[in-house]
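Engineer: Quick one: sequence plus predicted model below, questions after.
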Amino acid sequence: MIELWTWNTPNGRKISVALEEMGLPYSVHPVNIGKGEQFNPEFLAFSPNNRIPAIKDSNGPGGTEIGVFESGAILLYLAEKTGTFMPADPRGKIPVLEWLMWQMGGFGPMPGQVHHFLQVENEADRTYGLERYSKETKRLYGVADRRLAEVEFFAGNISIADFAILGWAWRHERHLIDLAEFPHVKRWYDTMMARPATKRGFDIALS
């Protein structure tokens with residue numbers, strides 16, 4: 001059994017979707033980040049950066065328990081554990097890693113800043129931040145759209161990169177993005193959200 005310590009955020013949804021798609025049994029342990037529960041010593045013991053999500057796997061390597069933090073590391077761990085959603089051959093792995101890192105480094109931090117500046121009360125600060133990060137977020141959607149014009153999924157076949165990116169695309173309305181402007185992203189998004197396991201990953205209560 002895997003314990004998923006998380007909250008209802010894009011990064012949290014990456015892992016619930018992956019667990020459902022991989023068919024792994026898991027339990028949800030909500031970490032209320034609004035109440036500061038991410039700073040509890042019990043959570044910090046295996047998630048030292050005080051960020052969700054994190055997991056505990058009672059059947060880790062060698063049959064002993066292991067904790068894993070950082071959503072990208074969790075996805076890689078789960079893919080290796082199950083032998084799914086990550087190609088075995090080195091050439092096939094490259095696009096999965098590229099698009100996973102693209103998400104971790106850009107398509108997450110940038111729209112996350114849009115979320116932040118939408119709530120800033122000072123008009124001058126809000127205007128500057130929204131202009132800067134909305135422009136970059138829209139550029140990233142354009143990068144994704146061009147990629148998906150060539151392939152069905154980000155790495156060709158469905159992979160953990162899709163789960164990572166979907167967690168943030170799920171909040172496209174909060175990014176002030178109309179998917180109609182990015183038809184290939186919309187096609188991919190609708191395809192992903194129609195998958196029964198992905199739907200379960202979004203339906204399960206995380207908070």
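Structural biologist: Structure received.
Engineer: Select the longest helix from this structure.
Structural biologist: In the chain, assigned by DSSP state H, the helix with the most residues is helix 123-148.
Engineer: so what does the next helix or strand after it touch, helix or strand wise?
Structural biologist: Sequence order places helix 160-169 as the next helix or strand after helix 123-148, per DSSP states H and E. Where contact means 3 or more C-beta pairs under 8 Å, 6 or more residues apart in numbering; DSSP states H and E, helix 160-169 is packed against helix 10-22, helix 71-82, helix 90-105, helix 183-193. Where C-beta positions appear, they are placed from N, C-alpha and C, glycine not excepted.
Engineer: what would these look like in a markdown table with distance to residue 144?
Structural biologist: Shown next, in a markdown table, are those (distance: least, C-beta to C-beta, whole Å):
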| stretch | distance to residue 144 |
| --- | --- |
| helix 10-22 | 15 |
| helix 71-82 | 17 |
| helix 90-105 | 9 |
| helix 183-193 | 5 |
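Engineer: Please name whichever of those helices is nearest to residue 159.
Structural biologist: helix 90-105 (4.5 Å; C-beta to C-beta).
Engineer: Would you indicate which residues of that closest one are buried?
Structural biologist: By neighbour count on 16 or more other C-beta atoms under 10 Å, the buried set for helix 90-105 is 95-97, 99-100, 102-104.
Engineer: related to what we said a few turns ago, so which of the helices and strands packed on helix 160-169 is nearest residue 165?
Structural biologist: helix 90-105 (4.9 Å).
Engineer: what element comes up after that closest one heading to the C-terminus?
Structural biologist: Toward the C-terminus, helix 90-105 is succeeded by helix 109-117 as the next helix or strand (DSSP H and E).
Engineer: now the angle from that next one to helix 10-22?
Structural biologist: Computed with axes from the mean of the first three to the mean of the last three C-alpha atoms, to 10 degrees, the direction of helix 109-117 lies at 130 degrees from that of helix 10-22.
Engineer: just to revisit the earlier point, and of the helices and strands packed on helix 160-169, who's closest to residue 207?
Structural biologist: Comparing the helices and strands packed on helix 160-169 by C-beta to C-beta, helix 10-22 comes nearest, at 8.4 Å.
Engineer: Extract the CA atoms of the very next helix or strand once past the closest one and return them as PDB.
Structural biologist: Once the chain leaves helix 10-22, the next helix or strand it forms, by DSSP H and E, is strand 26-30. Output of strand 26-30 as PDB, limited to C-alpha atoms (Å, rounded to 0.1, in the frame of the first residue of the first chain):
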ATOM      1  CA  TYR A  26      -3.000   3.700  -2.200                       C
ATOM      2  CA  SER A  27      -4.500   5.700   0.700                       C
ATOM      3  CA  VAL A  28      -4.800   9.500   0.800                       C
ATOM      4  CA  HIS A  29      -3.400  11.400   3.700                       C
ATOM      5  CA  PRO A  30      -4.600  15.100   3.300                       C
END
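Engineer: Other residues contacting the helix or strand that comes right after strand 26-30?
Structural biologist: Proceeding N to C from strand 26-30, the next assigned helix or strand is helix 41-44, under DSSP H and E. Contacts of helix 41-44 with the rest of the structure, by C-beta atoms under 8 Å, 6 or more residues apart in numbering, involve 5, 31, 37, 50, 54.
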